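A.B. asks: would you be able to build a 3D model of this:
(chains A and B)
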Number of protein chains: 2
Amino acid sequence: MSSYPAWFDADDDRTARAAWSRLTEPCDLVATRWVESCGAARTLGHLLSGGGPARGEPGSEHLARWTSRLSCLDPTRDLRTLQNTGGRLLVPGDPQWPSDLELLGERRPLCLWVNGAGDLGRAAEKGVCLVGARASTGYGERVARNLVVGCVERGYSIVSGAAYGIDGTAHRAALAVDGLTVGVLACGVDRVYPRGHEHLFSRIRESGCLVSEIPPGSAPTRWRFIRRNRLIAALGRVTVVVEAAWRSGTMITAREAAELGRPVGAVPGPVTSAASAGCHRLLRDGATCITDAAEVAEMLAPIGADLSDSPPAPAAEHDGLPCEDLRVLDAVPLRKPVALTALCRSAGLADKVVVASLGRLALRGLVHRDSAGWQRCGRDSARGAQH
Amino acid sequence: MSSYPAWFDADDDRTARAAWSRLTEPCDLVATRWVESCGAARTLGHLLSGGGPARGEPGSEHLARWTSRLSCLDPTRDLRTLQNTGGRLLVPGDPQWPSDLELLGERRPLCLWVNGAGDLGRAAEKGVCLVGARASTGYGERVARNLVVGCVERGYSIVSGAAYGIDGTAHRAALAVDGLTVGVLACGVDRVYPRGHEHLFSRIRESGCLVSEIPPGSAPTRWRFIRRNRLIAALGRVTVVVEAAWRSGTMITAREAAELGRPVGAVPGPVTSAASAGCHRLLRDGATCITDAAEVAEMLAPIGADLSDSPPAPAAEHDGLPCEDLRVLDAVPLRKPVALTALCRSAGLADKVVVASLGRLALRGLVHRDSAGWQRCGRDSARGAQH
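C.D. replies: Model (predicted):
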């Protein structure tokens, strides 16, 4: 159709996802729902052709939000910009796409712009988020370094927000001991923010990677910083806060991790240090007190669990599941997919709990989702997914 | 009967309890059970008369344990010694007998030797146990002082173990602000242990009190120190540990408090400080993280009451903004006015939404419009609009 721009290809979902990431701001649930249910290229085509809202499609108030950015849209240029700097686009289903992003449910990113030699999927599988205050103290930085070194020695990768202070310290400490490290940005991965981290960014790219859901060239905004925190939390199996002010983005990351059902640790400090106030608040709210890397590892391998090898005996598929997961698994039918609402009802659990549970169950290959809803995996596929 | 010593009075349970406290070591469960069920004077009479074990009475192996101390027994002399130094004996049922000692069940003391002007019953009703390491740091002592002053201001009394370090600091801080303080000893209340606390002990006696289940003249032993900790824990409605080595008497006090169902708080410190290792261990085991006296009071308050000082959150200009407004505010430049169309594009929102947002932001004094377009207000005007 002549109304489509030259770059548009109705069969190219990858480029369409790149386009959608330019049209939307992070966590545009209406866009995500539409793209996930109808396909990225199809929905984009609909938007480009100026089609009005149809049954089951987003209303005009949503279309207006996205069309305000149509004029400057050129995803092939964005992709070229990325490739010129050695980057790549990841979309769901790609080998390096971190499966844990499914935990985010409707808040999962449409795509990820990635720059760096590291394998993002592998990094996320063994990811420890170590985040903290920009205004860190010498104490916090020293503790952060020790934790990072101990985590890397234990085979974990370090995920952080690439900011000044604890984040930067964590990335640097990981690089110093040849650890895999992932910087999650609130701007395009071709930009350097904060400016002073130019050298750090180029070092991260050499062995790890920089990641963002925001397309190249985009500046960071407050909104993007806030939403970025959920990606940090989802890309690590555990989140440890080293220093944090009472109210800060770090606290948001910790809250996001807790909401994803992830363990949250906090490093205590002097109660007289404002830089530790957020950590003490987290401890009061139930975070685990962390004083060394062994305690981080302990959060990842609860007593009784054996994460290193698959069980020698044919273990029951629900072995070691937390009780919510067991209840959710019980509620997911084997033959006929079921919608989330129905699942929440039959499990008798809050939807947030169910979503987090489903994510964990999906990771274990026990359930899967298609357009019709959630369903149990057959035993064969479950076994396949475990190895 | 001629076999009884002159001081024995078969109707005087009070003196008999004083005698039993000399015959037994703390937590002699068999003795306590016998005394509680048959009466202190009657059981003592049985023991003095050299009667063999009868049905339902302790076996000879127990009798032997107590009779080993019969020869030096003279409770009237002990009571006189106490009274000469201004002390008194408390037994269950006395007005000042702390009712919370019942929590100890069979481990409750047979009597308490008390020295000092303070009302022990009243002190225990509002008691906060503040305990910690003998080898305290300047940091721990500073925090202990602040906690004590805040607790006394809130009407609480301070219970501690009268040792060097945190205990002594707590007593002194309480005295300095005219607070009621109770020192629980592992030796007779007429003795001074540690020796260096002679002046502190005499100051405690002036307004508070020294308490022990061990009769006058008795030296402290390791066993008595260990058992003393349960009395500290029982005499306060909450136990707060300021600094503690990984294994220490302080940790025992915290464990005793937890076993009595009492809230336990621990003050965090640098993870690099061995003096805080015990506190961090307690935090990992579920103690409440304590950073100020308000948080101690919160542990004592009924669930739902929020006594802690609300966070001194420095309000940011964007606090409480709906998410669209935040995104629009992010998009409005500080220095150069921008047109509505450009604003819609950079915020990624429909023009209707942006216009409504701008209206709200303008009302809060955060943005303003001139002929060239929209622009952020300076910080001063923004602050003015908030208050």
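
A.B. asks: and the residue nearest to A:S136 when sequence neighbours are not counted, how far is that from A:Y193?
C.D. replies: Excluding the flanking residues, the one nearest A:S136 by C-beta to C-beta, 6 or more residues apart in numbering or on different chains is A:G165, at 3.8 Å. Every residue, glycine included, has its C-beta placed from N, CA and C. A:G165 sits 14 Å away from A:Y193, going by C-beta to C-beta, to the nearest Å.

A.B. asks: can you check A:V30 too?
C.D. replies: Note on A:V30: its distance to A:Y193, by C-beta to C-beta, is 28 Å.

A.B. asks: check A:T250 too.
C.D. replies: 17 Å.

A.B. asks: compare the two (neighbour count), which wins?
C.D. replies: For A:T250 and A:Y193, the more surrounded residue by other C-beta atoms under 10 Å in any protein chain shown is A:T250, and the numbers stand at 29 against 17.

A.B. asks: that one sits in which helix or strand?
C.D. replies: In this assignment (DSSP states H and E), A:T250 forms part of helix A:249-259.

A.B. asks: would you verify that A:L200 is located in a strand?
C.D. replies: No: secondary structure of A:L200 (DSSP: H, G, I helix; E, B strand; the rest coil): helix, not part of a strand.

A.B. asks: ok, now which ones touch it?
C.D. replies: A:L200 sits next to A:A162, A:G168, A:H171, A:R172 when contact means C-beta atoms under 8 Å, 6 or more residues apart in numbering or on different chains.

A.B. asks: let's go with 10 Å and repeat that
C.D. replies: By C-beta atoms under 10 Å, 6 or more residues apart in numbering or on different chains, A:L200 lies in contact with A:A162, A:Y164, A:D167, A:G168, A:H171, A:R172, A:L175, A:T181, A:G183, A:V192, A:P194.

A.B. asks: the closest residue to A:R360 other than its chain neighbours - how many residues pack around it?
C.D. replies: The shortest distance from A:R360 to any non-neighbouring residue, by C-beta to C-beta, 6+ apart, is to A:D325 (5.7 Å). A:D325: 24 surrounding residues under other C-beta under 10 Å.

A.B. asks: how about the helix holding A:T250: buried residues?
C.D. replies: A:G249, A:T250, A:M251, A:I252, A:T253, A:A254, A:R255, A:E256, A:A257, A:A258, A:E259 (16 or more other C-beta atoms under 10 Å in any protein chain shown).

A.B. asks: next, format those as TSV and append pLDDT and distance to chain B.
C.D. replies: As requested, the buried residues of helix A:249-259 are exported to TSV (pLDDT from 0 to 100; distance: C-beta to the nearest C-beta, whole Å):
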residue	pLDDT	distance to chain B
A:G249	91	12
A:T250	95	15
A:M251	94	11
A:I252	94	13
A:T253	95	18
A:A254	96	14
A:R255	94	15
A:E256	95	15
A:A257	96	18
A:A258	94	16
A:E259	93	17
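
A.B. asks: I'd like to know how far A:L112 sits from A:H171.
C.D. replies: 18 Å.

A.B. asks: repeat that for A:P26.
C.D. replies: Distance from A:P26 to A:H171, by C-beta to C-beta: 22 Å.

A.B. asks: with A:P5 instead?
C.D. replies: From A:P5 to A:H171 the distance is 39 Å (C-beta to C-beta).

A.B. asks: quick one: which of those two has more around it?
C.D. replies: More crowded of A:P5 and A:H171, by other C-beta under 10 Å: A:H171, with 28 against 12.

A.B. asks: any idea which element that one lies in?
C.D. replies: Judged by DSSP H and E, A:H171 forms part of helix A:166-176.

A.B. asks: which elements pack onto that helix?
C.D. replies: strand A:127-131, helix A:138-153, strand A:157-160, strand A:181-184, helix A:198-207, strand A:238-241, helix A:249-259 (3 or more C-beta pairs under 10 Å, 6 or more residues apart in numbering or on different chains; DSSP states H and E).

A.B. asks: now do the first one, average pLDDT.
C.D. replies: In this case it means strand A:127-131. The pLDDT scores in strand A:127-131 average 98.

A.B. asks: export that strand as CSV, just CAs?
C.D. replies: C-alpha atoms of strand A:127-131 as CSV (Å, rounded to 0.1, in the frame of the first residue of the first chain):
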residue,chain,number,x,y,z
GLY,A,127,22.6,-12.6,37.5
VAL,A,128,23.0,-10.9,40.8
CYS,A,129,21.7,-7.3,40.8
LEU,A,130,24.0,-5.2,42.9
VAL,A,131,22.6,-1.6,43.1
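
A.B. asks: in its sheet, what does that strand sit against?
C.D. replies: strand A:157-160 (parallel), strand A:238-241 (parallel) (DSSP bridges).
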